[in-house]
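Asks: Sharing a model that was predicted from the sequence below.
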Amino acid sequence: MAAVAPPVWLEVALNGAAGPALQPKIPMTVDAIVEDALACADAGAAIIHVHAYDENASPVEDADIYARIIERVRAKSDAIIYPTLALTGDLETRLRPIRMLGDRGLLEMGVVDPGSVNITHKMQAASGIDGVHYSNPDAHIRELLKLAVKFAWRPAFAIYEPGFARLGAALAAATPGMLSPIYRVMFSDSLLFGMTPTRRGVDLYAAHLDETAPGAPRMVSGLDADVFNIAIYAINKGFHLRVGLEDAPFGADHSNVEMVRAAEALIRKCGRRLSTSDEIRAAP
């Protein structure tokens with residue numbers, strides 16, 4: 001008898017830090033984020049990733065805002081919901097909101113990006129404009145992994161470049177007692193890191209993760225990227241899937257719920273089913 005293919009983890013990233021100028025349909029208020037999160041959970045997303053915004057529609061790392069979002073979603077859904085990590089700042093600035101949420105028992109997953117990268121749009125490169133330098137020193141990564149052990153949440157590694165997987169796996173191996181990180185491969189059509197979302201890129205990362213982090217959960221995602229073109233191929237290669245307005249091409253016309261529904265249909269087309277949040281929680 002053939003083995004039954006495992007269920008697919010479906011994550012939705014609701015908003016991101018690009019702001020409404022680049023992604024006009026993102027939810028920004030607590031009410032809008034909660035409403036969108038619950039609708040996406042009802043549509044099949046077992047994992048929900050959010051960024052917080054203040055009253056001026058600016059991204060902000062505020063534990064109280066995150067707590068309001070997480071608590072309201074948890075009151076009506078069993079989906080796993082988790083916040084982002086500050087893009088910049090010293091160690092304490094970046095860790096303070098994560099530590100506060102952990103103390104309140106509000107974390108099940110968390111961002112731990114094992115490496116630093118230049119996030120530059122091809123139009124910026126052509127115009128001599130600097131992009132964003134996303135810095136993650138080893139000391140920051142180690143402290144985040146210690147918090148993951150302390151509060152028993154699963155690290156979500158964003159793999160912008162292949163070396164991120166190597167460093168992440170090495171630091172994870174040096175941090176006993178931690179849930180297995182998920183290695184979330186980042187593709188982009190227009191931002192000049194990593195690879196574009198193609199089958200060749202999926203093949204490269206599949207082989208790389210087979211060697212670097214064998215058996216660990218893996219996922220395809222992106223930033224200013226259309227991952228739907230590679231979704232079926234990636235799922236059949238053993239990847240889970242993330243969609244949403246944070247990851248979608250800038251100026252996306254589709255809503256988060258529409259993308260979750262489209263992703264669910266692709267997963268069914270592969271002969272697979274959606275993983276439940278409890279199945280994800282039970283994974284090693």
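Replies: Perfect, I can see it now. Note that this is a predicted model, so its numbers are computed, not measured.

Asks: contacts, neighbours, all on C-alpha from now
Replies: Fine.

Asks: For the stretch 101-250 of the chain, just list every one of the strands.
Replies: Ranges of strands within the stretch 101-250 of the chain are 109-111, 117-119, 132-134, 154-159, 182-187, 218-222, 240-243, based on DSSP state E, counting those that start in this stretch.

Asks: need those strands in CSV with mean neighbour count, can you?
Replies: Output for the strands of the stretch 101-250 of the chain, formatted as CSV (neighbours: other C-alpha atoms under 10 Å):
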stretch, mean neighbour count
strand 109-111, 23
strand 117-119, 16
strand 132-134, 14
strand 154-159, 24
strand 182-187, 25
strand 218-222, 27
strand 240-243, 27
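
Asks: Out of these, which gets nearest to A75?
Replies: strand 109-111 (17.6 Å; C-alpha to C-alpha).

Asks: helices or strands up against that closest one?
Replies: Judged by 3 or more C-alpha pairs under 8 Å, 6 or more residues apart in numbering; DSSP states H and E, the packing partners of strand 109-111 are strand 80-83, strand 154-159.

Asks: helices and strands around the first one, which ones?
Replies: Translated: strand 80-83. Using 3+ C-alpha pairs under 8 Å, 6+ apart, strand 80-83 sits against strand 47-50, helix 63-76, strand 109-111.

Asks: what does that strand rub up against?
Replies: 46-52, 66, 70, 73, 107-111, 277 (C-alpha atoms under 8 Å, 6 or more residues apart in numbering).

Asks: Then stretch 26-40?
Replies: 12, 14-15, 19-20, 48, 50, 52-55, 57, 65, 68-69, 72-73, 76-77, 245-246, 256-257, 260.

Asks: Let's see that with 7 Å instead.
Replies: Applying C-alpha atoms under 7 Å, 6 or more residues apart in numbering, the external contacts of stretch 26-40 come out as 14-15, 20, 48, 53, 57, 69, 72-73, 77, 245, 256-257, 260.

Asks: from those residues, which two are the most distant?
Replies: Maximum distance among the contacts of stretch 26-40 (C-alpha to C-alpha): 26.8 Å, for P20 and S77.

Asks: And I81, how far from D210?
Replies: Note on I81: its distance to D210, by C-alpha to C-alpha, to the nearest Å, is 28 Å.

Asks: These two: which is more packed in?
Replies: A direct count of neighbours by other C-alpha atoms under 10 Å for I81 and D210 places I81 higher, at 28 against 11.

Asks: Show me what that one bridges to in the sheet.
Replies: I48 (DSSP bridges).

Asks: Look at it and report its pLDDT.
Replies: Model confidence at I81, given as pLDDT, is 98.

Asks: That one and L107, how far apart?
Replies: Where L107 is concerned, I81 sits at a distance of 8 Å (C-alpha to C-alpha).

Asks: before we move on, what about P59?
Replies: Taking C-alpha to C-alpha as the measure, P59 falls 20 Å from L107.

Asks: Comparing the two, which residue is more hemmed in?
Replies: L107 (23 against 18).

Asks: residues in contact with the more buried one?
Replies: Here L107 is in contact with Y82, L101, W153 (C-alpha under 7 Å, 6+ apart).

Asks: Just the buried positions in whatever helix or strand R281 lives in, please.
Replies: For R281, the host element (DSSP states H and E) is helix 277-282. With burial defined by 16 or more other C-alpha atoms under 10 Å, the residues of helix 277-282 counted as buried are S277, I280.

Asks: other SSEs contacting that helix?
Replies: With contacts defined as 3 or more C-alpha pairs under 7 Å, 6 or more residues apart in numbering; DSSP states H and E, helix 277-282 has no helix or strand neighbours.

Asks: for the stretch 151-284 of the chain, what spans make up the helices?
Replies: Using DSSP state H, counting those that start in this stretch, the helices found in the stretch 151-284 of the chain span residues 162-173, 199-212, 231-236, 256-269, 277-282.

Asks: Output those in JSON lines; the columns should cover distance to V34.
Replies: Output for these, formatted as JSON lines (distance: least, C-alpha to C-alpha, whole Å):
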{"stretch": "helix 162-173", "distance to V34": "31"}
{"stretch": "helix 199-212", "distance to V34": "32"}
{"stretch": "helix 231-236", "distance to V34": "26"}
{"stretch": "helix 256-269", "distance to V34": "12"}
{"stretch": "helix 277-282", "distance to V34": "17"}
